[in-house]
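Enquirer: missing the sequence, but the structure's below:
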């Protein structure tokens with residue numbers, strides 16, 4: 001049975017996210033997803049919160065057949081980098097090459113987000129060429145213009161890198177708009193990371209106008225302040 005997962009989504013632990021982690025899970029389940037990677041901006045607080053609430057596991061296994069993959073979207077010195085499958089310390093503003101090494105050392109994958117979107121902070125081609133990344137986000141559902149996804153896809157093909165599609169959801173309603181379809185024997189973080197590197201099927205659909213507008217307004221005005229969470233001891 002194929003597993004459907006969204007590899008790029010944000011909760012209210014991102015300054016521009018509006019939904020609780022629990023709401024993201026509920027919406028994803030309702031849409032038939034088997035899980036998602038929680039990739040808040042420059043923080044892994046949502047994953048720690050979910051693990052402490054018993055809604056995610058630190059050993060990479062699902063909870064009640066739903067998998068939450070640890071992750072973070074790091075604002076590197078050169079642009080946004082999805083770090084999937086690992087928990088990282090605060091690395092905002094560090095060189096992209098340093099963040100790539102850190103996520104690799106932690107057992108995760110480095111995937112540049114929306115690299116060609118001129119209206120958002122993607123890692124641009126001169127830097128991208130020198131980075132040893134694992135995949136490229138070739139379809140971002142919140143992309144500013146369709147051609148930016150097309151350019152990312154062409155770049156991934158030139159380098160022989162697998163491509164991912166993801167929602168970049170900042171609200172529960174948007175989760176799963178775009179997602180990945182994995183044909184793996186098991187639902188676990190190691191299995192999904194391996195499947196990403198092999199290359200998997202993509203479901204590609206842009207966000208609705210309403211969801212794009214909501215995301216843009218949240219980003220401009222930070223309608224909710226970013227929440228923080230301290231993991232439980234032990």
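Expert: That came in fine, so what should we check first? As the structure is a computational prediction, the values presented were derived from the model and not from experiment. Numbering: from 1, shown residues only.
Enquirer: And stretch 90-109, end to end?
Expert: 17 Å (CA to CA, to the nearest Å).
Enquirer: mean confidence for it?
Expert: Mean per-residue pLDDT for stretch 90-109: 98.
Enquirer: Which strand in this structure has the most residues?
Expert: When the chain is parsed with DSSP state E, its longest strand is strand 67-76.
Enquirer: From the contact counts, what lies against it?
Expert: strand 3-9, strand 35-38, helix 45-52, strand 79-84, helix 96-105, helix 189-198 (3 or more CB pairs under 8 Å, 6 or more residues apart in numbering; DSSP states H and E). The C-beta positions use only the backbone N, C-alpha and C, and glycine is treated the same way.
Enquirer: Of the ones you listed, which stretch is the most buried?
Expert: Of all these, strand 35-38 has the most neighbours on average by mean count of other CB atoms under 10 Å, namely a mean of 29.
Enquirer: can you give me the strands for the protein?
Expert: Using DSSP E, strands in the chain cover 3-9, 35-38, 67-76, 79-84, 109-112, 136-140, 163-166, 179-182, 201-203.
Enquirer: nearest to residue 130, of those strands?
Expert: strand 109-112 (12.0 Å; CB to CB).
Enquirer: Please name the strands paired to the closest one in the sheet, noting orientation.
Expert: strand 79-84 (antiparallel) (DSSP bridges).
Enquirer: tilt between the strand it pairs with and helix 189-198?
Expert: Calculated by axes from the mean of the first three to the mean of the last three CA atoms, to 10 degrees, strand 79-84 forms an angle of 130 degrees with helix 189-198.
Enquirer: Brilliant, that's me finished.
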